[in-house]
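> sequence and predicted model, in that order:
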There are 2 protein chains.
Amino acid sequence: MLSLPFMLQKRIDDQPSISREMVREAQDILHRHLKRVGLKQTAQRDTILRSFLETRDHLSTDELHRLVQKKDAGIGYTTVYRTLKLLAECGLASEVAFHDGIARYEHQYNRRSHHHMVCTECGSSVEFFSREVDQLEQEIGRRHHYATTRHTFQIYGVCEDCRKKRAAPQPV
Amino acid sequence: MLSLPFMLQKRIDDQPSISREMVREAQDILHRHLKRVGLKQTAQRDTILRSFLETRDHLSTDELHRLVQKKDAGIGYTTVYRTLKLLAECGLASEVAFHDGIARYEHQYNRRSHHHMVCTECGSSVEFFSREVDQLEQEIGRRHHYATTRHTFQIYGVCEDCRKKRAAPQPV
DNA sequence: CTTCTCACTGAAAATGAATTTCATTTTCAA
DNA sequence: TTGAAAATGAAATTCATTTTCAGTGAGAAG
């Protein structure tokens, strides 16, 4: 599909940055989840969680793996992959699909419901909020007798920068 | 992700069934597109288009390939795959992603803008219409200076049937 | 303290859908 | 009719995802 070498993916956060407090809380959530399902807490899992929380972007498993390796080069791709699933299970992360064939995750803890607008030229994305969309989920679900759990709403288009580049192709 | 053996995917059409007239028109559109990009019309491509138009569901390449083979067992997967891309190029088909890892296509010609609600238990889906969602695309695009081209909106949940099955597990 | 049992880990292999390759066949304009 | 260009489909490849497996480690029970 798209080949997106390095993409900027702006996140609009409720908090300007992740506080130490939030990291601790998130870690608690993970630890409780691990206990609940009979798994163990490990240094690797904590390292991965911390790396994940420290970025605000929409990360693929591969990207997160690279970040994690800066902290501990011994942590393998498989462990990152499995830990991301765990984070998703306990609600700390959620999968976002941008239709470019790669699964991405974003923080979910303490975040408002939001949606994505994706540039089909450069792959960059911005987030936006819309209460109407959330209400629509409820309403449509009721009408068709579905117990709704979530929704995805993505808008595709071309961002301002890419349109400018199109207009003025070679600025040398 | 999900394993969806046989899924019902209801489509709500503006036309109750595809008329001969529509098939001819669609074929014209394809032929004109082929000429425009310097490709040739072939019996295979026409057969694939007809099979595609005759179903109302959201078809994966594999599913369409199976349907096509009923008409002409000699047509291969690759050709179906490539023809679906052509249909998408000329606006007769469009890709829908239901997040189960398989790309699906649906008719686009003469269809109203619509969205999907997908059952995460059985994989069935229903379509719904919402003018608000279409307006939202315009509005959000304007606000963030994107030239929008399309959007996807999917609601996930559990359908009535699956909820009933949960409640009464083994009816023998 | 020792043993035993699970879970963990990460390299490597497997999976599976999407895509490309390539030798052969078909189309179409001249 | 003919030749260049495109089409075809089986097979091979790609690539992200997922599973397997053999070795490691941590904690519980004796």
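The structure has been received and is ready for your questions.

> which residue does chain A have closest to DNA strand D?
Residue nearest to DNA strand D within chain A: residue A:103 (3.1 Å; Cβ to the nearest atom of the strand). Every residue, glycine included, has its C-beta placed from N, CA and C.

> the host helix or strand of residue A:165 and chain B in contact?
Under the assignment given by DSSP states H and E, the secondary-structure element containing residue A:165 is helix A:160-167. Yes - when contact is scored as Cβ under 8 Å from any Cβ of the partner chain, part of helix A:160-167 falls within range of chain B: A:160, A:163.

> which residues are contacting that helix?
Residues from elsewhere that reach helix A:160-167 (Cβ atoms under 8 Å, 6 or more residues apart in numbering or on different chains): A:119, A:121-122, A:158, B:145-147.

> on that earlier part again, run a quick check on the residue of chain A closest to DNA strand D versus residue A:95, I expect a contact.
Yes - look at residue A:103 against residue A:95 with Cβ atoms under 8 Å: they come within range, at 5.8 Å.

> what's the nearest residue to the residue most central in space within chain A if we skip its chain neighbours?
Using Cα atoms, centre = their mean, the residue of chain A that lies closest to the mean C-alpha position is residue A:106, 1.6 Å off. Distance criterion Cβ to Cβ, 6 or more residues apart in numbering or on different chains; nearest residue to residue A:106, sequence neighbours excluded, is residue A:58 at 4.9 Å.

> ok, how many other residues are close to residue A:18?
Other residues lying near residue A:18 total 19 when counted by other Cβ atoms under 10 Å in any protein chain shown.

> enumerate every residue touching the closest residue to it other than its chain neighbours.
Residue nearest to residue A:18 in three dimensions, not counting chain neighbours: residue A:53, with 5.1 Å by Cβ to Cβ, 6+ apart. The contact partners of residue A:53, taken as Cβ under 8 Å, 6+ apart, are A:18, A:22-23, A:26, A:107.

> quick check: buried residues in stretch A:109-126?
Of the residues in stretch A:109-126, those buried under the neighbour-count criterion (16 or more other Cβ atoms under 10 Å in any protein chain shown) are A:109, A:114-120, A:122-126.

> now check the lengthiest helix in chain A, is it near DNA strand D?
Using DSSP state H, we find that the single longest helix of chain A is helix A:20-36. No - Helix A:20-36 stays out of contact with DNA strand D when judged by Cβ under 7 Å from any atom of the strand, the minimum separation being 11.1 Å.

> what's that helix packed up against?
helix A:43-54, helix A:77-89 (3 or more Cβ pairs under 8 Å, 6 or more residues apart in numbering or on different chains; DSSP states H and E).

> is the longest strand belonging to chain A in proximity to chain B?
Using DSSP state E to define each element, chain A has its longest strand at strand A:147-158. Yes - Strand A:147-158 is in contact with chain B by Cβ under 8 Å from any Cβ, via A:147-158.

> ok, those residues vs DNA strand C, which is closest?
Proximity to DNA strand C was ranked across the residues of strand A:147-158 next to chain B by Cβ to the nearest atom of the strand; first place goes to residue A:156, at 16.1 Å.

> just confirm that closest one contacts residue B:147, I think it does.
No - at 10.2 Å, residue A:156 and residue B:147 do not qualify as touching, with contact defined as Cβ under 8 Å.

> between these two, which is the more surrounded one?
residue A:156 (20 against 13).

> before we move on, back to that, dump the residues of strand A:147-158 next to chain B to CSV, plus distance to residue B:62.
Shown next, in CSV, are the residues of strand A:147-158 next to chain B (distance: Cβ to Cβ, whole Å):
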residue, distance to residue B:62
A:147, 30
A:148, 29
A:149, 28
A:150, 27
A:151, 27
A:152, 24
A:153, 28
A:154, 25
A:155, 29
A:156, 25
A:157, 31
A:158, 32
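
> report the two of the residues you listed separated the most.
Greatest spatial distance in the residues of strand A:147-158 next to chain B: A:147 and A:158, 37.0 Å, computed using Cβ to Cβ.
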